[in-house]
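**Q** 3D model of this:
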Amino acid sequence: MNARRTVAVMTGGGDAPGLNAVIRAIVKQGVTQLGWRVIGLEDSFDGLLESPLRIIDFDRDQVRGILTLGGTILGTTNHGDPFKFRETDGSVSDRSTDVADRLKLLGVEGLIAIGGDGSMGICARLMKERGVQVIGVPKTIDNDIPGTEITFGFDTATAFATESVDRLHSTAEAHERVMVLEVMGRDAGHLALHAGLGGGADVILIPEIPFTWEAVLGKLMRRRAHKRHFSIVVVAEGAKPEGGQVLERTNADGRKSHGGMGQYVADEISRRTGLDSRCTVLGHLQRGGTPTPHDRVLASRMGHHAMELARRNEWGRMVAVRGNRMDSVELTWLLTQPCRQLPLNDDAISTARALGIVFGDEAV
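**A** Presented below is the predicted three-dimensional model:
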């Protein structure tokens, strides 16, 4: 076993701008400043469970130039659950014990896991059931992980979605159309709200506020009455009409995900009003690209704080932002928490209402 302290780092779940900045901060502090060994697991837990192992023994040269890169140099997967590991023959088995055993053979004292709520839940189970020491770093463009005020990736996705609203304004006005933009967010409306407010949308539909067609269509028709013959509607993928259901699609691998509400809203607007309505779905474009300066800084701060927790042997924690300061919460606490939705008294919602933006719950 290597005499130096050794930690492993992995990225799991969907990618988000800023992942490489976290890896860079962990490696630069761990290897250069502390003299530790930092091992990277490729493609989440897959690199640890496959034979031969796919790991990176980091040195400082391997993280040069990655601060501005989107994606993750370690790779990631949405299927990286070692409790339900998909073997090459298609069967599913519990390989969680192998994770603990192989980390021990590598001399790893703890794992720094960068991921969303799914990854945090898996790592909490590994800690409780297999004794793996873990520190979590929250990642998602949806900004919906409980315990932290913000996650890296959200600012970059919001900037792109806002720019998309800006671009839709010109074509909507030129063709006198209703342009509907569907954004990600799952069951939380942070991304839709901020992109819609920042881009000057007329209607924002979010999961936290079920909408009525009367309120939405009333807004569009009032704009036409005031000779504004175009409108912008931003729809979160998890939005739903009052009394209705969230729309889902089944992916090729059999998993279900939110999607289709934007097109449904556009079709219903056309059917109910006769207005020319078109839908644009941003999809995975929101996950890619260069992270904004805000996300680079936030991701670097989170990576540094994760290493500080490891240095102090404060395992079983997730890095969190509270009052714009780095903090942490118990990882197992997350297992009992729902996703972090928008509070209905959020001042961004009241600001949007004061600017005349409709959420679909207004009296008509």
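**Q** distance of Glu314 from Ala8?
**A** Per C-beta to C-beta, to the nearest Å, Glu314 is found 17 Å from Ala8. Bear in mind the C-beta positions are built from the backbone N, C-alpha and C, glycine included.
**Q** more crowded one of the two?
**A** Between Glu314 and Ala8, counting by other C-beta atoms under 10 Å, Ala8 is the more crowded of the two (23 against 12).
**Q** list the contacts of the more buried one.
**A** Applying C-beta atoms under 8 Å, 6 or more residues apart in numbering to Ala8 gives the contacts 38-41, 48, 55, 103, 106, 108, 110-112.
**Q** mind showing which ranges of the stretch 151-300 of the chain have poor pLDDT?
**A** Residues of the stretch 151-300 of the chain that meet the criterion pLDDT under 70 lie in 252-253.
**Q** can you give me the strands for it?
**A** Per DSSP state E, counting those that start in this stretch, the stretch 151-300 of the chain carries strands over the ranges 178-183, 203-205, 231-236, 248-250, 256-258, 277-281.
**Q** turn the ones you listed into JSON lines, including mean neighbour count.
**A** Formatted as JSON lines, those follow (neighbours: other C-beta atoms under 10 Å):
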{"stretch": "strand 178-183", "mean neighbour count": "28"}
{"stretch": "strand 203-205", "mean neighbour count": "28"}
{"stretch": "strand 231-236", "mean neighbour count": "28"}
{"stretch": "strand 248-250", "mean neighbour count": "12"}
{"stretch": "strand 256-258", "mean neighbour count": "14"}
{"stretch": "strand 277-281", "mean neighbour count": "19"}
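**Q** dump the ones you listed to TSV, plus distance to Ile145.
**A** Below are those laid out as TSV (distance: least, C-beta to C-beta, whole Å):
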stretch	distance to Ile145
strand 178-183	18
strand 203-205	22
strand 231-236	17
strand 248-250	21
strand 256-258	17
strand 277-281	24
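**Q** domain-wise, how is this protein divided?
**A** 6-152+291-330, 157-287+343-354 (automatic domain parsing).
**Q** kindly reformat those as JSON lines containing distance to Thr336.
**A** JSON lines is the format used below for the domains of the chain (distance: least, C-beta to C-beta, whole Å):
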{"stretch": "domain 6-152+291-330", "distance to Thr336": "9"}
{"stretch": "domain 157-287+343-354", "distance to Thr336": "17"}
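**Q** how close does the residue nearest to Asn324 when sequence neighbours are not counted get to Leu334?
**A** Closest residue to Asn324 apart from its sequence neighbours, by C-beta to C-beta, 6 or more residues apart in numbering: Glu149 at 7.7 Å. Computed as C-beta to C-beta, the Glu149 to Leu334 distance reads 15 Å.
**Q** which of the two has more neighbours?
**A** Leu334 (19 against 14).
**Q** what's the neighbour count on the residue nearest to the more buried one when sequence neighbours are not counted?
**A** Nearest residue to Leu334, sequence neighbours excluded (C-beta to C-beta, 6+ apart): Met120, at 5.2 Å. Neighbour count for Met120, taken as other C-beta under 10 Å: 27.
**Q** doesn't His304 lie inside a helix?
**A** Yes - checked against DSSP: H, G, I helix; E, B strand; the rest coil, His304 lies within a helix.
**Q** just the pLDDT for it.
**A** For His304, the model assigns a pLDDT of 98.
**Q** wait, it sits on Gln29?
**A** Yes - contact criterion C-beta atoms under 8 Å: His304 and Gln29 qualify, at 5.9 Å.
**Q** centroid residue for this structure?
**A** Thr140 (1.9 Å; C-alpha atoms, centre = their mean).
**Q** what residues are up against it?
**A** Thr140 neighbours (C-beta under 8 Å, 6+ apart): 13-14, 16, 116-117, 151, 153-154.
**Q** ditto for Gly316
**A** 127, 133-135, 330-332.
**Q** give me the pLDDT for it.
**A** 96.
**Q** count the neighbours of the nearest residue to Gly303 once chain neighbours are set aside for me.
**A** Distances taken as C-beta to C-beta, 6+ apart put Ala25 closest to Gly303, at 2.9 Å, once the chain neighbours are dropped. Ala25 has 23 neighbouring residues, counting by other C-beta under 10 Å.
**Q** same question for Gly238.
**A** 26.
**Q** find the nearest non-adjacent residue to it, please.
**A** Spatially, and ignoring its direct neighbours in sequence, Gly238 is nearest to Pro207 (3.9 Å; C-beta to C-beta, 6+ apart).
**Q** from Ala188, how far out is that neighbour?
**A** Here Pro207 is placed at a distance of 6 Å from Ala188 (C-beta to C-beta).
**Q** touching both of those two, which residues are there?
**A** 236, 238, 341.
**Q** could you export those residues as a markdown table, including distance to Asp59?
**A** Shown next, in a markdown table, are those (distance: C-beta to C-beta, whole Å):
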| residue | distance to Asp59 |
| --- | --- |
| Ala236 | 42 |
| Gly238 | 42 |
| Gln341 | 42 |
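**Q** and which of these is nearest Val183?
**A** Nearest to Val183 among the shared contacts of Pro207 and Ala188: Ala236, at 6.1 Å, using C-beta to C-beta.
**Q** tell me the contacts of Gly35?
**A** Arg4.
**Q** start at 31, not 1
**A** Understood, numbering begins at 31; the last thing we discussed is Gly65.
**Q** any idea how far it is from Trp345?
**A** 20 Å.
**Q** repeat that for Ser330.
**A** Counting by C-beta to C-beta, the gap from Ser330 to Trp345 is 21 Å.
**Q** of these two, which one has the most company?
**A** Ser330 (20 against 17).
**Q** and the residue lying closest to that one once chain neighbours are set aside, which of the three is it?
**A** The shortest distance from Ser330 to any non-neighbouring residue, by C-beta to C-beta, 6+ apart, is to Ala55 (4.6 Å). Secondary structure, three-state DSSP: Ala55 is helix.
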